[in-house]
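Asker: Fold the following.
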Amino acid sequence: MSNQLYKIREKNKFGFMNAAGQIVIEPQYFKVEDFQNEFSIVTFNNKPVPLDKLGRLLMKHLFSFVGKFQESKARARLVSKWGYIDERGSLVIDVQFDQASDFHESMAAVKVGEKWGFINHEGDYVITPRFHAAGHFSKGMAPVKIEQNGPYGYINTRGELVIPAAYDKAHSFQKSLAVVELDGKYGYINTSGEMMVEPQFDVPANPFFGQFKDEMAVVVQGGSYGYLQESGQVIQTPMYSFAGDFSDGLGLVKINNKYGFLNKNAQLAIHPAYKSASHFVNGMAAVQQDNRWGYIDKTGKVIIPFQFDLANPFSHDLALVETDDIWSYIDKTGKVIWKEALNEAEGANRASTADGVASAATIV
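Answerer: Now for the predicted structure:
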């Protein structure tokens, strides 16, 4: 069975259960985030605190912000300065930076004063702060802005400029391509700095634009949506009023105010027939019809009937659904694995019968 933990709600407090519906971290927090890289962030005494899957709070220090763990470290802010904690909650890189980013390829971009540089896992400078902006390393390169009002280029791990500064803005590489912007449009370059897709797409407000998901990226031109392959080929010329990220080999598209799904050959695999829809996960997607939600498979067949007020994509084995403001988790057959308690007696009964209950958080 998966060791995935799922956020649950009881009497307006949040905790976590496992895939069998057993409560493993009892609802006791007013705010929690989903687990990522083995940790959640919960609000404790109005402060963000990492929580591990054993229910232990990593609170040797109380920070005003704690990021996600990446390469076994999380950036953390104390008042206005940043440092890094490890997976025990210990401050392993002192609070000293004006800004800090996550670790990628064993390096993290940090800002001191007005300049950005890069540190290693020991907190030592690998590249001294001298850039006016910096992204994270990928494929051994990171985008940087050398002059305050100058263009972006790419440096290697020694801080040497390996792709000339020639772009209005540049983003970290995704496999072999990176998004670059020129004159208000974006395109893609390869790791040699060659322009593989000329800047032609609109730059949206979404900070995750241009990212490849399931080997495809959503692109926008003149308010219409299409798709680009990782090879740089536009597989679907922008023509839809909306398009979502690909997953499980299918992409969500909107035609005439209805949602359907496109395959990687740019062919309609599921006819637009839904008021709303989610992306596919493990062969199933949540779709809305006549104000009720259900689930379909990749052929468009209804697997779980339209019966919910709200429905979320599956996360591993389970999906969170809502009816009459009551949370439930269902499996892929539609069986209810867990349901939010309606009263004190029901909540107490579930807590007493569930295996592996953590009755309160442990502080470490």
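Asker: now the helices: where do they sit in the chain?
Answerer: 344-353 (DSSP state H).
Asker: distance of Val126 from Phe261?
Answerer: Separation of Val126 from Phe261 (Cβ to Cβ, to the nearest Å): 44 Å. From N, CA and C alone the C-beta is placed, and that goes for glycine too.
Asker: Give me the more crowded residue out of these two.
Answerer: More crowded of Val126 and Phe261, by other Cβ atoms under 10 Å: Phe261, with 26 against 16.
Asker: Go ahead and confirm the more buried one touches Tyr274.
Answerer: No - with contact defined as Cβ atoms under 8 Å, Phe261 does not reach Tyr274; the gap is 9.5 Å.
Asker: Ser172 and Gln36: what is the separation?
Answerer: In this view, Ser172 and Gln36 are 19 Å apart by Cβ to Cβ.
Asker: whoops, I mixed them up, Tyr186
Answerer: Per Cβ to Cβ, Tyr186 is found 28 Å from Gln36.
Asker: just Asn45 next, same as before
Answerer: For Asn45, the distance to Gln36 - Cβ to Cβ - is 22 Å.
Asker: The two: who's more crowded?
Answerer: Gln36 (11 against 7).
Asker: what about the spatially closest residue to the more buried one that is not a sequence neighbour, neighbour count?
Answerer: Closest residue to Gln36 apart from its sequence neighbours, by Cβ to Cβ, 6 or more residues apart in numbering: Lys68 at 5.3 Å. Number of residues near Lys68 (other Cβ under 10 Å) recorded here: 14.
Asker: Then the one 10 residues further on?
Answerer: Counted with other Cβ under 10 Å, the burial measure for Leu78 works out to 15 neighbours.
Asker: ok, now how distant is it from Leu62?
Answerer: Distance from Leu78 to Leu62, by Cβ to Cβ: 8 Å.
Asker: cool, and Met141?
Answerer: Distance from Met141 to Leu62, by Cβ to Cβ: 37 Å.
Asker: cool, His121 as well?
Answerer: In terms of Cβ to Cβ, His121 sits 24 Å off from Leu62.
Asker: rewinding a little: between Met141 and Leu62, which has more neighbouring residues?
Answerer: Between Met141 and Leu62, counted using other Cβ under 10 Å, Met141 has the larger neighbour count: 23 against 14.
Asker: how about the nearest residue to the more buried one, chain neighbours excluded?
Answerer: Met141's closest residue in space is Tyr154 (Cβ to Cβ, 6+ apart), at 4.4 Å.
Asker: Help me confirm that that neighbour comes into contact with Val162.
Answerer: Yes - proximity of Tyr154 to Val162 meets the contact threshold set by Cβ under 8 Å, at 5.8 Å.
Asker: Need the residues touching each of the two.
Answerer: Common contacts of Tyr154 and Val162, defined by Cβ atoms under 8 Å, 6 or more residues apart in numbering, comprise Met141, Gly193.
Asker: of those two, who's got more company?
Answerer: The neighbour count for Tyr154 versus Val162, taken as other Cβ under 10 Å, is higher for Tyr154 (28 against 15).
Asker: Identify the bridge partners of the more buried one.
Answerer: Beta-bridge pairing of Tyr154, defined through DSSP bridges, involves Pro143, Ile163.
Asker: for it, what are its contacts?
Answerer: Met141, Ala142, Pro143, Val144, Leu161, Val162, Ile163, Ala170, Ala178, Gly193.
Asker: for the stretch 1-150 of the chain, what are the low-confidence residue spans?
Answerer: 1-2 (pLDDT under 70).
Asker: Let me see the contact set for Val220.
Answerer: Phe201, Asp202, Pro204, Phe209, Gly226, Pro238.
Asker: Please repeat the previous calculation with a cut-off of 6 Å.
Answerer: By Cβ atoms under 6 Å, 6 or more residues apart in numbering, the contact set of Val220 is Phe201, Asp202, Pro204.
Asker: How about it: what's its closest non-neighbour residue?
Answerer: Using Cβ to Cβ, 6+ apart, the closest residue to Val220 is Asp202 (4.5 Å).
Asker: so what's the closest residue to His271 other than its chain neighbours bridging to?
Answerer: Counting by Cβ to Cβ, 6+ apart, His271 lies nearest to Gly260, which is 5.3 Å off, once chain neighbours are set aside. Beta-bridge partners for Gly260, by DSSP bridges, are Val253.
Asker: and the residue nearest to Trp116 when sequence neighbours are not counted, bridged to which residues?
Answerer: The shortest distance from Trp116 to any non-neighbouring residue, by Cβ to Cβ, 6+ apart, is to Ala134 (3.9 Å). On the basis of DSSP bridges, Ala134 is bridged to Val144.
Asker: so Ala134 makes contact with Val144?
Answerer: Yes - contact criterion Cβ atoms under 6 Å: Ala134 and Val144 qualify, at 4.8 Å.
Asker: How much space separates His104 from Ile155?
Answerer: His104 is 14 Å from Ile155, by Cβ to Cβ.
Asker: should've said Arg9
Answerer: Taking Cβ to Cβ, one finds Arg9 at 46 Å from Ile155.
Asker: re the thing from before, now do the residue nearest to Val220 against Leu5, distance only.
Answerer: 39 Å.
Asker: who's more crowded, the two?
Answerer: Just comparing Asp202 and Leu5: by other Cβ under 10 Å the higher neighbour count belongs to Leu5, 21 against 16.
Asker: wait, the more buried one sits on Phe35?
Answerer: Yes - using Cβ under 6 Å, Leu5 is in contact with Phe35, at 5.2 Å.
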